[in-house]
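*Asks:* no sequence for this one, just the structure:
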């Protein structure tokens, strides 16, 4: 009889605690109503919805040979137009590239060559290694409202003569009639007409290298809108 009373008391306490919980706590898997795309209680269950083929690097018509390591210095490929980077680093960079559309975000890797560790000021100037550069953009980010094709003008012709990395999809945050890009201090505003390589880490933008920018943008928008409706319960995801 005592055990029965304890069980009944435990059940009543459990029901009371459940009724006191907030509606958000009663409706997993979200734990924060303001950032549904990030607030999954089961983060290990994130699925990859689609994989986009990254751009293939194409050498220019002037390239006649690749730098060999360690017989020759790798930096010659940056100085001579007929001298391309070593084959091993080109293969590693291409193998490291990826563009993934997940349940809640876009993730991509834009790797670049860096000098390997060595004894000359900490570097080996005759050997490259791959430095990963991974970025994530969530579907509820306001930047994801602005996708555009930022490929070079006459991209096919320039790729033939000077080489290239396919086309580019640009995701950024602009203002002033689209003439300026937002960024973080000390580069809070940057004119779009100026090169942004030196301030890239400060600007709110993502340049994704793909083979067909228009086709990729359509896939991104379609999956973005689908996931917003699915995870947001049909509500508009804006911040």
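*Replies:* Sure, I can see it. Please read all numbers here as calculations on a predicted model, not as lab measurements.
*Asks:* Run through the residues that contact residue 159.
*Replies:* Applying CB atoms under 8 Å, 6 or more residues apart in numbering, one finds that residue 159 lies in contact with 58, 60. From N, CA and C alone the C-beta is placed, and that goes for glycine too.
*Asks:* switch to 7 Å and redo it
*Replies:* residue 58 (CB atoms under 7 Å, 6 or more residues apart in numbering).
*Asks:* just checking, next helix/strand downstream of the helix or strand containing it?
*Replies:* Using DSSP states H and E, residue 159 sits in helix 155-162. Using DSSP H and E, the helix or strand that follows helix 155-162 in sequence is strand 167-172.
*Asks:* Show me what that next one is packed up against.
*Replies:* strand 147-149, strand 205-210, helix 213-231 (3 or more CB pairs under 7 Å, 6 or more residues apart in numbering; DSSP states H and E).
*Asks:* how about the ones you listed in JSON lines, adding distance to residue 140, mean neighbour count and mean pLDDT?
*Replies:* Shown next, in JSON lines, are those (distance: least, CB to CB, whole Å; neighbours: other CB atoms under 10 Å; pLDDT from 0 to 100):
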{"stretch": "strand 147-149", "distance to residue 140": "15", "mean neighbour count": "16", "mean pLDDT": "92"}
{"stretch": "strand 205-210", "distance to residue 140": "15", "mean neighbour count": "21", "mean pLDDT": "94"}
{"stretch": "helix 213-231", "distance to residue 140": "7", "mean neighbour count": "16", "mean pLDDT": "90"}
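*Asks:* quick one on the thing from earlier: centre of the chain to the helix holding residue 159, how far?
*Replies:* 25 Å (CA atoms, centre = their mean, to the nearest Å).
*Asks:* Name the residues of it that come out as buried.
*Replies:* If you call a residue buried by 16 or more other CB atoms under 10 Å, then helix 155-162 has these buried ones: residue 159.
*Asks:* try stretch 195-202
*Replies:* Buried residues in stretch 195-202 (16+ other CB under 10 Å): 196, 202.
*Asks:* Could you number the chain from 15 rather than 1 from now on?
*Replies:* That works, and once the first residue is 15, the last one we named lands at stretch 209-216.
*Asks:* Could you pull up the mean pLDDT of it?
*Replies:* If you average the pLDDT over stretch 209-216, you get 84.
*Asks:* Residues contacting that stretch, please?
*Replies:* Residues outside stretch 209-216 that contact it (CB under 7 Å, 6+ apart): 197-198, 201, 204, 217.
*Asks:* for the residues you listed, which one is nearest residue 104?
*Replies:* Nearest to residue 104 among the contacts of stretch 209-216, counting by CB to CB, is residue 217 at 27.5 Å.
*Asks:* Not counting its neighbours along the chain, what's nearest that closest one?
*Replies:* Of all residues beyond its chain neighbours, the one nearest residue 217 is residue 197 (4.3 Å), with distances taken as CB to CB, 6 or more residues apart in numbering.
*Asks:* Is that neighbour in contact with residue 206, as I believe?
*Replies:* No. If you go by CB atoms under 7 Å, residue 197 and residue 206 don't touch, sitting 11.8 Å apart.
*Asks:* of these two, who's got more company?
*Replies:* More neighbours surround residue 197 than the other of residue 197 and residue 206, with 20 against 14 (other CB atoms under 10 Å).
*Asks:* residues contacting the more buried one?
*Replies:* Contacts of residue 197 (CB under 7 Å, 6+ apart): 203-204, 213, 216-218.
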